[in-house]
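Asker: pasted the sequence and its predicted model underneath.
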Amino acid sequence: MSTTSGVAAGSTERPPLSYRSPASISDVAGRGNDLVFKRGTRAVRIRLGSAVDGWRVNCAHTRALAWGRPWDQMPPGTTPYSTVFLLDLEQERILARFSIVHGPYETAFSADGRWARVDDIVLRQRDGERATVTVAAAEQAESCPSMDREPSPTG
C-alpha cells in the first residue's frame, strides 16, 4: 500500500491522519502550562492553562494528547483531577478539553488515524468530538517510535 495518499485519485477527501507523512515535529515537552515542540527549526508553544504532566503524539505528528493536574486552580480539600487536551499540532490549537478524576492510565491513537483514546473515553481526531458509542477501531492502537511521556498510575 502506498503511504502517500490512501485516498482514490481525484478525491478531495483528506487521507486519514495515520496515512500522511509525519510532520517535522521534534523536541516535544511540557513547560509549565504549555506544550512546546519544534516544527523544523521553529519553536511552537500551545498554551493550555493547566500544568502538563504527560503527553502522547500520534505517528503522523499531527495530533497530541496532553494532560496534567491544575494544582494552582484546585481549592484545598477538593478531589484532585486531571485536565486532558486533544491538540491539533498542525493548526497549533486545542481541539478538546475535559477533566477526569483518576488517571489517565492509558492513552492511544487508533491505527486507522480516526480516534484518540484516554482510558475509556474515545475522541474523534478530526474535531475532538466524543464518541457516543464504543468504537472498536479505537482499540487497535497505532505503533511508531515514541515521542511521548507515558501516564503514570500515581498521576
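Answerer: Nice, thanks for sending it over.

Asker: give the next helix or strand downstream of the helix or strand harbouring residue 55.
Answerer: Using DSSP states H and E, residue 55 falls within strand 54-57. Once strand 54-57 ends, the next helix or strand along the chain (criterion: DSSP H and E) is strand 63-68.

Asker: which helices and strands does that following strand pack with?
Answerer: If you count contacts as 3 or more C-beta pairs under 8 Å, 6 or more residues apart in numbering; DSSP states H and E, strand 63-68 packs onto strand 25-31, strand 54-57, strand 82-88, strand 107-109, strand 115-118. (C-beta placed from N, C-alpha, C; glycine too.)

Asker: do you know which of those lies nearest residue 45?
Answerer: Put simply, out of the helices and strands packed on strand 63-68 the one that sits nearest residue 45 is strand 25-31, at 7.7 Å, with distance taken as C-beta to C-beta.

Asker: output the below-cut-off pLDDT ranges for this structure.
Answerer: Within the chain, the stretches with pLDDT under 70 are 1-23, 137-138, 146-155.

Asker: thinking again about what came up before, is it possible to export the helices and strands packed on strand 63-68 to CSV including mean neighbour count and distance to residue 69?
Answerer: Below are the helices and strands packed on strand 63-68 laid out as CSV (neighbours: other C-beta atoms under 10 Å; distance: least, C-beta to C-beta, whole Å):
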stretch, mean neighbour count, distance to residue 69
strand 25-31, 15, 12
strand 54-57, 23, 10
strand 82-88, 22, 5
strand 107-109, 24, 15
strand 115-118, 24, 14
